[in-house]
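S.K.: Here is a sequence with its predicted model. Questions after.
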Amino acid sequence: MATPPAEPHDPPVELISDAFFVQSSIEMARGMRINRNMVVLRQDGELALLNPVRLTPEGEARLEALGEVKHLIRLGFFHGVDDAYLKDRYGATFWCQARSNVHPEPTPDRILEESVELPFRDMSLFVFHQTKKPECAMVWNRDGGLLVACDSIQHHVSTPRCSFMAKAVMRAMGFMRPANIGPPWRKFMTKKGGSLQPDFERLLGLDFDHLVGAHGTPLRGGAKAALGATVARVYG
Ligand SMILES: [Fe+2]
């Protein structure tokens with residue numbers, strides 16, 4: 001199967017206890033390169049990759065030094081370009097929501113749904129109920145809580161690994177705000193006559209203090225207040 005090569009990326013950075021952030025990038029269209037992030041969670045020497053991203057051989061060595069890759073977890077409907085490669089490389093358990101099939105391969109080993117038993121003790125799953133297509137997020141319940149989203153929430157206060165053209169487009173499209181709700185994602189995912197506000201209000205009921213999305217940079221501390229301000233601005 002043809003899978004895209006790894007892009008240059010940064011080394012993993014530990015955001016909070018046993019939660020590592022890796023920033024890579026992806027070319028969305030010619031000249032439009034944006035950052036793309038993976039979060040690696042660790043329990044008892046086992047790793048779960050959230051928003052999985054293929055790494056370079058050096059990156060894979062660094063990742064494998066953190067632990068054994070046992071779980072691949074697709075949180076976002078639009079993501080998954082590297083999942084088939086990673087499943088093939090690691091033979092890990094692949095998790096995604098039912099019908100999260102923009103990238104139909106690999107087929108899920110486990111379906112991510114609210115009743116499912118998650119692989120690590122400190123994980124909590126959040127499932128959007130109102131979106132047109134499946135989307136979810138995960139909270140890592142350590143150090144005040146780290147909310148890991150995919151396209152739904154993106155913290156954009158800088159533009160690392162984005163091309164010049166992408167920076168201009170992101171500014172024009174309203175991406176550049178802290179703890180933002182991804183503007184094109186929101187437009188696509190909102191049903192006709194519907195609103196995602198109840199989902200975001202429910203999300204704000206979870207315990208988290210930090211957040212990281214599949215694009216943008218991590219927000220350490222004050223994440224719930226920042227997201228609350230976004231929800232008030234967008235839906236108020
Ligand atoms: Fe995305």
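M.R.: Structure's in. What do you need? Residues are numbered from 1 along each chain as shown.

S.K.: can we go C-alpha only for contacts and neighbour counts from here?
M.R.: Will do.

S.K.: And the nearest residue to residue 167 once chain neighbours are set aside, its phi and psi?
M.R.: Leaving out its chain neighbours, the residue that sits closest to residue 167 by Cα to Cα, 6 or more residues apart in numbering is residue 159, at 6.7 Å. Taking degrees, to the nearest 10, you get phi -130, psi 50 for the backbone angles of residue 159.

S.K.: thought residue 159 was touching residue 177?
M.R.: No - assessed by Cα atoms under 8 Å, residue 159 is found out of contact with residue 177, at 11.2 Å.

S.K.: and residue 232, how many neighbours?
M.R.: Around residue 232 there are 12 other residues, counting by other Cα atoms under 10 Å.

S.K.: so it is in which element?
M.R.: With elements taken from DSSP states H and E, the one containing residue 232 is helix 223-235.

S.K.: other SSEs contacting that helix?
M.R.: Helices and strands touching helix 223-235, by 3 or more Cα pairs under 8 Å, 6 or more residues apart in numbering; DSSP states H and E, are strand 180-181, helix 197-203, strand 210-212.

S.K.: Contact partners for the residue nearest to residue 167?
M.R.: Taking Cα atoms under 8 Å, 6 or more residues apart in numbering, we find residue 159 in contact with 35, 167, 216.

S.K.: count of neighbours near residue 115?
M.R.: By other Cα under 10 Å, the residues close to residue 115 number 8.

S.K.: related to what we said a few turns ago, out of the contacts of residue 159, who's the most crowded?
M.R.: Most surrounded of the contacts of residue 159: other Cα under 10 Å gives residue 216, at 29 neighbours.

S.K.: residue furthest from the geometric center of the protein?
M.R.: Here the centre of the chain is the reference, and by Cα atoms, centre = their mean the most remote residue is residue 193, at 26.8 Å.

S.K.: where's it, which helix or strand?
M.R.: Going by DSSP H and E, residue 193 is not in any helix or strand.

S.K.: Look up phi and psi at the residue nearest the centre of the chain.
M.R.: Ranked by distance to the mean C-alpha position of the chain (Cα atoms, centre = their mean), the top residue is residue 150 at 2.9 Å. Residue 150 has phi and psi values of phi -110, psi -100 when expressed as degrees, to the nearest 10.
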